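A.B. asks: Provide a 3D model corresponding to the input given below.
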Amino acid sequence: MNAPAHRPAPLSTLDAPMGGQIGYRIFGTEGDWLVLIHGWCGNAEHWDGIAPELARDHRVLAVSHPGFGGMLPPPPAGQTIRAMGAAVAHLLAQLGIEGATLIGHSMGGPIMTEVAIIAPDRVKALIGLDTLTDRDYYGRVPDDELVRRHEDFAADYAGRMRAMIDIIVHPSTDDGMRQTITGGMIASAPAAFALDVKDDIFAWDAEERWPLVTCPAVMLNSAWVARLADPKPMACFSNVAVVEYDSGHFPMIEAPVMIVEKLRTCLSTIVYP
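C.D. replies: All right, here's what the predicted structure looks like:
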């Protein structure tokens, strides 16, 4: 018996270049490609609330990174932002995708940056979703601070996850949705693996890597989360437009109708002017 039409298809998988598997799901059959790249401790299901709507006029590819969302994890050498970028670039090549717009949420911002550097011919534009412009996360973090953050989170992984999510979701987001987001992120990957990847996010340096991007880009960032950001801007983003939205860090879950409208506006600005 066929699955109900509203249920997404199962993830397909592909071996990643540096080990582990990358999972993917395709929505839509016509139009240019949108590639949805999830953040830390997310998975392809984070996009289920907006992917079908975006697929009305695009083909949409949603991914689950190696080691997240039930995907086979890579060895230590593959637990890096660059390795995950290489995995997405490899997937685009295997599917024959060119001229795609990449939408990277949170950790997905550095990953989409790496894809654009590795495979510029396959990438038309980048849209960052609450990502990249805060130097406290995406500028190079000193080694001693990186160790401190790792040890602090590891001391009470579930508790730190709950506390982190509670301050980055919007005040209007109800408790049930907060619990769903938190539970899903805790379950997405083993804590030790997730924290090693988090270390690499803090070691990755936007000021070194972003200048290597050659395609158009825009940042679509939460006004609520921006209150927590380091006030000192990074010069590498001085020519990149930042558009704010009124929701929390997970707008595809917290405010799907609003963020689809915002994404379409960004697409019309940088991809189809």
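A.B. asks: what residue ranges in this structure score low on pLDDT?
C.D. replies: 1-9 (pLDDT under 70).
A.B. asks: now the helices for it?
C.D. replies: With DSSP state H as the criterion, the chain has helices at 51-54, 81-95, 108-118, 135-138, 143-155, 157-168, 175-188, 191-203, 206-209, 251-254, 256-270.
A.B. asks: Most tightly packed of those?
C.D. replies: Each of these was scored by mean neighbour count; the highest is helix 108-118, a mean of 27, by mean count of other C-beta atoms under 10 Å. Glycine gets a C-beta too; all of them are placed from N, C-alpha and C.
A.B. asks: what's that helix packed up against?
C.D. replies: Helix 108-118 is packed against strand 33-37, helix 81-95, strand 100-105, strand 123-129, helix 206-209, with contacts defined by 3 or more C-beta pairs under 8 Å, 6 or more residues apart in numbering; DSSP states H and E.
A.B. asks: List the neighbours of it that are in contact with it.
C.D. replies: Applying C-beta atoms under 8 Å, 6 or more residues apart in numbering, the set of residues contacting helix 108-118 from outside is 35, 37-39, 42, 65, 81-82, 84-86, 88-89, 92, 102-104, 122-123, 126, 128-129, 131-132, 138, 201, 204, 206, 209-210, 212-215.
A.B. asks: 7 Å - rerun?
C.D. replies: The contact list for helix 108-118 (C-beta atoms under 7 Å, 6 or more residues apart in numbering) reads 37-39, 81-82, 84-86, 88-89, 102, 104, 123, 126, 128, 131-132, 138, 201, 204, 209-210, 212-213, 215.
A.B. asks: Over to stretch 55-67?
C.D. replies: By C-beta under 7 Å, 6+ apart, stretch 55-67 touches 11, 16, 20-38, 43-44, 47, 51, 54, 71-74, 78-79, 84, 87-88, 91, 97, 189, 193.
A.B. asks: need the contact list for residue 181.
C.D. replies: 165, 169, 250, 253.
A.B. asks: that older thread, closest to residue 230 out of the helices of the chain?
C.D. replies: Taking C-beta to C-beta, helix 135-138 is the member of the helices of the chain nearest to residue 230, at 4.2 Å.
A.B. asks: Skipping its backbone neighbours, what lies nearest residue 160 in space?
C.D. replies: In space, and not counting its chain neighbours, residue 160 is closest to residue 153: 4.6 Å by C-beta to C-beta, 6 or more residues apart in numbering.
A.B. asks: Wait, that neighbour touches residue 162, no?
C.D. replies: No. Counting by C-beta atoms under 7 Å, residue 162 is not a contact partner of residue 153; they are 11.6 Å apart.
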